[in-house]
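Visitor: I would like the atomic coordinates for the input below:
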Amino acid sequence: MFGMHDMRDTSASRQRAGRSDDVSGEAYRTTGLVAGTRIATAMGWRAVEAIAVGDLVLTFDNGLQPVVAVTRTPVATPLRPSSQTMPVVVPAGALGNATPMTLTAEQRVVVESDAAEDLFGDPFAVLKARDLVGYAGIAQDVAQVHDVLTLHFAEDQVLHADGGALIVATADIPGETTLAFLTRTPKPAPYATYDGLAARMLVSAMTDPDARLGEGGLLRPAA
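Guide: As a prediction, this is how the structure comes out:
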C-alpha cells in the first residue's frame, strides 16, 4: 500500500545512541511539517493537515501509533531570513522521498548512510534539515506565510513522509502542563542527533564518499 522498501533492523545500535538536542522554547516554530506533506497512516498516505488526534500513523520502529496532539502554527518569513529559519527544499529522491518536499529548518530527519556507519558506528543518524543543505540538491528558499503542523505521540516517533523520507515527530507539546505529561518518564531517544561539526562532517562524507575527515576512532554525539 505504501510502496516503501524494508530497512534492516539495527535496533540494538539505536538504543545505544544518545540525543544531543531537544526541541524547546521557540524552536518548535521552525520544526514540524509544512502543510501538504503526506504521511503514512492506517488509511494510506494522507496530508498532514488532514490528520487528527486519535488517528493511527505508521511509525518506522513501532508500527501504528495514535496521535495524541496536533499543533498548528502559521509561520511568516522573518524580515531578515537566515539559515536558522528559511524552509528547506528537498528534491525527489534526495532523502528517499518520492516527490519534492519542503521541510522546516529545524525539522529532524533520519538518514541511512554508509558514511554514518563509518563515522559513528550506526548507519542511521538524525540531522536537522538545514544541516543537509548542499547534499543531493537540497537547498533553502525564502517562503511566504506557510502553516507548520506537528504531530505529537506518547513518545518520540519516526514517521514516513512523502513516499519514504523518515521524519522525527516529537512527544514534546508546547504549552503542555498536565501533571501526567510533566512527570512522565520518557524513553531514551532511539537515534543520535548530530549537529554542528559532527553534522558538517557527516554531510561532507555523504556528499563525497572519498572524504577523509581526520583520524582516530568512531565519533559519538555529545551526551
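
Visitor: just for this structure, where's the confidence low?
Guide: Judged by pLDDT under 70, the chain has its weakly predicted residues at 1-30, 77-79, 81-82, 144-145, 172-190, 211-223.

Visitor: hmm, try it at 50
Guide: For the chain, residues meeting the criterion pLDDT under 50 lie at 5-28, 177, 212, 214-217, 222-223.

Visitor: which element is H160 on?
Guide: strand 157-161 (DSSP states H and E).

Visitor: same for the following helix or strand past that strand, what does it pack against?
Guide: Scanning forward in sequence from strand 157-161 by DSSP H and E, the next helix or strand is strand 165-169. Applying 3 or more CB pairs under 8 Å, 6 or more residues apart in numbering; DSSP states H and E, we find strand 165-169 packed against strand 108-112, strand 146-152, strand 157-161. Glycine gets a C-beta too; all of them are placed from N, C-alpha and C.

Visitor: redo that, cut-off 7 Å
Guide: Helices and strands touching strand 165-169, by 3 or more CB pairs under 7 Å, 6 or more residues apart in numbering; DSSP states H and E, are strand 108-112, strand 157-161.

Visitor: Save these as JSON lines, and put in mean neighbour count and distance to V88 too.
Guide: Formatted as JSON lines, those follow (neighbours: other CB atoms under 10 Å; distance: least, CB to CB, whole Å):
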{"stretch": "strand 108-112", "mean neighbour count": "22", "distance to V88": "9"}
{"stretch": "strand 157-161", "mean neighbour count": "23", "distance to V88": "13"}
